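K.L.:
Take a look and give me a structure for this.
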Amino acid sequence: MKRFGKIMTSVLLISSMLLVSACGNSSSNDEGEPNNMSGQVRSDAGNSADIQTAKYDPAITVSLVGVTDDTLEGVLAKLQGESFEDNRWTKLYEDQLGIKFKYNWIAKGPDQFKQKMNVSLATGDVPEFIQVDAIELKQLQEADLIMDLGELYEKYAAPLTKEVLAQDGEAPFKVATIDGKLMGLPNVRSSIDMAQFVWIRTDWLNKLGLSEPKSMDDLLDIIEAFTTQDPDGNGQNDTVGLLVQKDLFGGFAGLEGFFNAYHAYPTVWVKDENGQIIHGSTRPEVKTALAELQKMYQKGQLDKEFGVKDWGKTAETASAGKAGVAFGQQWLSAWPFQSNHDNDPNAVWKAYPLLSIDSQPAKSEISLGTTQYWAVRKDAAHPEALIKMFNLYIEKNWGETAEFDTYYLPGDAEGTWKLSPVTPEPPNKNLDAYLAISEATSSGSVDQLKGEAKVILDKVIEYKSGNQGLWSWYAGSDPVEGVYRVMKQYKDQDLFQMNEFVSAPTPTMTDKSATLTRLMNETFMRIILGDLKVDAFDKYVEDWNKLGGEQITKEVNEIHKAGNK
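P.N.:
Numbers count the residues shown, from 1 in each chain. Reported below is the predicted structural model:
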C-alpha cells in the first residue's frame, strides 16, 4: 500500500489537477532516432532482452533534479549509511545498469521544488532526465528542448514495463503524446487510488451512541454531534466536526468527497445533459454544496481558522484528537491518523463510502492518477537509459526477481521506494494486494502469499498481536475493516466519476489554468467563510468563462469530438 508518497504527489500536483487530465496511446517516431551529443543513440548488441538490461561499460552519468521532504528524511534516518544521493537504489542502478546520477539541484519540499522548477523551465537549464507535469511537458516540447521517445520506448521497454504502464488504459500515454509524438514516459500511478472516502472516528461514534451513517444527512448529524457534544470528554467546546484545509481540495481534508455527495464534481470535467463536456466547478450542484458548507462554518462545525491552515497544521488538529470526520484518500490511516492513534490508542478511524444527499449513489470524482512524466533533453547522450531505469525499478519491486522488502518497503522504512528517481507502479497494486490478502485469509492459504501482499499482511498480523505502531496497516488493508474493502465496493459498483477530459493540455489551458484555479479557490473559500453570499457562485461562473474557461471548454469539446471520430 503506497502511503506517504501519495501525500507528496497530491501536494505537488493539486494546482494542475483542476484542468489537466488525460488519456491515450503511445506513438512511434516516424522521423528516425532523436538527436544527441554523440550524434546517435547507443545501440547495444544482442536481442531485445539483452539491450533492455545491458550494463553500460564504462558507466555513464545522467543529470537529474530531486526533491526531498520530512517523511523521506525520516526514512533515511532508518537506513543507516544511506543518503538521498547515495543509497540502495543508486547502488542498484550503478551495479546492474552502469548508470550514475548527478543532481543539478535538490529541493526541500514541494514549494521550493516548484520554484526551482519554474526557474529551470524559464531559463531552459534542464537536466538530461526531468520529471514534469502535463503543462510543463507541453512547455518543454514547445521550446524544442526534449525528444520524441516513441521508438526508444518500443525498443528498450521490457515486456513487464509495457504491461505495467498499460494497466491504467491508454490514458497515461495520450497526455504525453503531443503532435503525434511521445514526449514523455508516464510515471504511472493509480487512478482509483485518488478516490475519496469518509473517514470517521468510530470511538467517538460509540461514545456518543451514534450509528454508522447511511446517508449524507446522517453524516451531517454526526458532524454536528462531534462539534457540540464534547466527544473527547474534556468538558470544553474544542472539537471540530469536519476537517478542512486551506487549499479546499486534495488527498487529505479536501472537499471533493463532500461535493460528490451532492453529485457535484468541482475538480474534473463532466458531461452535461446535452453530452457536452463542461467543467464540474461551474455546475449548479456545486452551489448547493457551498450553501451547506457556509451553514456548517457559521455553526462552528469547521475550524474557524481553516482558511489559513495548510496540510501540516490541519494534520496537527487530527493528531491532537480534536477532529472526528475528514474526507480523503486511502492513505490517511498512515498520515495523520496513525499519529492520532499513537497519542491516544483509543482513537480509531474507519473509512466509509461517500454518502449521498438523495437516493442516487454518490460517486467519487477521480482524475488520471498519472500526473508526472519523464522527459529527456534533446541532446542527451543516452536517452534509452531512462527506459532501462523504468525496467529495473518495476522488475525489482514486482517482477520475477523482485525484492520488495529490500527496495520498496524494508521494515519500517516505508518510503524507501522514493529514493529511486523513477517510481512507476502497477496502477491497481494496492487493491490487488488487498484482494490477495482477503482471498488467502478466507481460504486459509496465507502461507502462499508473496511480495507486497505478504509484507502488508505480516504488518496487519503484527498489529493484531499488539504492535499499535502498525495500526494504519490494519485500517488500510484488513479484509474486514480496511479502507480497501470500500475501494472494492467502488470498483464493483462503478462508483467512480472519471474526468471526461482525455487529452494533453489545450493551448488556452496551458495559459489560463492557474488563473482559473485561483479564481475557483478564492471564490469558494469566501463563500464558505461568509464573506460572499452563496449567489456569488453565479458571478464566479460568468468570470470563469470570461477569463478563459469558455475558450478552454470549446477546445476540450473539439478535441473530444476529434478523438471519437
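
K.L.:
Can I take it that Gly66 is in a strand?
P.N.:
Yes: per DSSP: H, G, I helix; E, B strand; the rest coil, Gly66 lies within a strand segment.

K.L.:
Looking at Ile192 now. What's its pLDDT?
P.N.:
Note on Ile192: pLDDT of 96.

K.L.:
in the stretch 401-550 of the chain, which spans are helices?
P.N.:
Secondary structure of the stretch 401-550 of the chain, counting by DSSP state H, counting those that start in this stretch: helices at 404-407, 429-443, 451-464, 471-477, 484-493, 507-529, 536-544, 550-563.

K.L.:
Give the other helices and strands that the last one contacts.
P.N.:
Same thing as helix 550-563. strand 277-279, helix 507-529 (3 or more CB pairs under 8 Å, 6 or more residues apart in numbering; DSSP states H and E). Placement of C-beta: from N, CA and C, glycine included.

K.L.:
mean confidence score for it?
P.N.:
Averaging pLDDT residue by residue across helix 550-563 gives 92.

K.L.:
May I see the buried residues of that helix?
P.N.:
Under the neighbour-count criterion of 16 or more other CB atoms under 10 Å, helix 550-563 has Gln551, Ile552, Thr553, Glu555, Val556, Asn557, Ile559, His560 buried.

K.L.:
Taking those together, which two end up most distant?
P.N.:
Greatest spacing in those, by CB to CB: Gln551 and His560 (15.0 Å).

K.L.:
quick one on the thing from earlier: pick the most buried one from the helices of the stretch 401-550 of the chain.
P.N.:
Across the helices of the stretch 401-550 of the chain, averaging neighbours per residue (mean count of other CB atoms under 10 Å) puts helix 471-477 on top, at a mean of 25.

K.L.:
what's in contact with that one?
P.N.:
Residues from elsewhere that reach helix 471-477, judged by CB atoms under 8 Å, 6 or more residues apart in numbering: 1, 3, 330-331, 333-334, 337-338, 341, 348-351, 433-434, 437, 456-457, 459-460, 463-464, 481-484.

K.L.:
can I get the CA coordinates of the helix or strand containing Lys114 in PDB?
P.N.:
In this structure, Lys114 is located in helix 109-123 according to DSSP states H and E. These are the backbone C-alpha positions of helix 109-123, laid out as PDB (Å, rounded to 0.1, in the frame of the first residue of the first chain):
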ATOM      1  CA  GLY A 109       9.500  20.300  -0.100                       C
ATOM      2  CA  PRO A 110       7.000  20.900  -2.900                       C
ATOM      3  CA  ASP A 111       7.000  24.700  -2.800                       C
ATOM      4  CA  GLN A 112      10.800  25.000  -3.200                       C
ATOM      5  CA  PHE A 113      10.700  22.300  -5.800                       C
ATOM      6  CA  LYS A 114       8.100  24.200  -7.800                       C
ATOM      7  CA  GLN A 115      10.100  27.500  -7.500                       C
ATOM      8  CA  LYS A 116      13.300  25.900  -8.700                       C
ATOM      9  CA  MET A 117      11.500  24.000 -11.500                       C
ATOM     10  CA  ASN A 118      10.000  27.300 -12.800                       C
ATOM     11  CA  VAL A 119      13.400  28.800 -12.900                       C
ATOM     12  CA  SER A 120      14.800  25.800 -14.800                       C
ATOM     13  CA  LEU A 121      12.000  25.900 -17.300                       C
ATOM     14  CA  ALA A 122      12.200  29.600 -17.800                       C
ATOM     15  CA  THR A 123      16.000  29.500 -18.500                       C
END
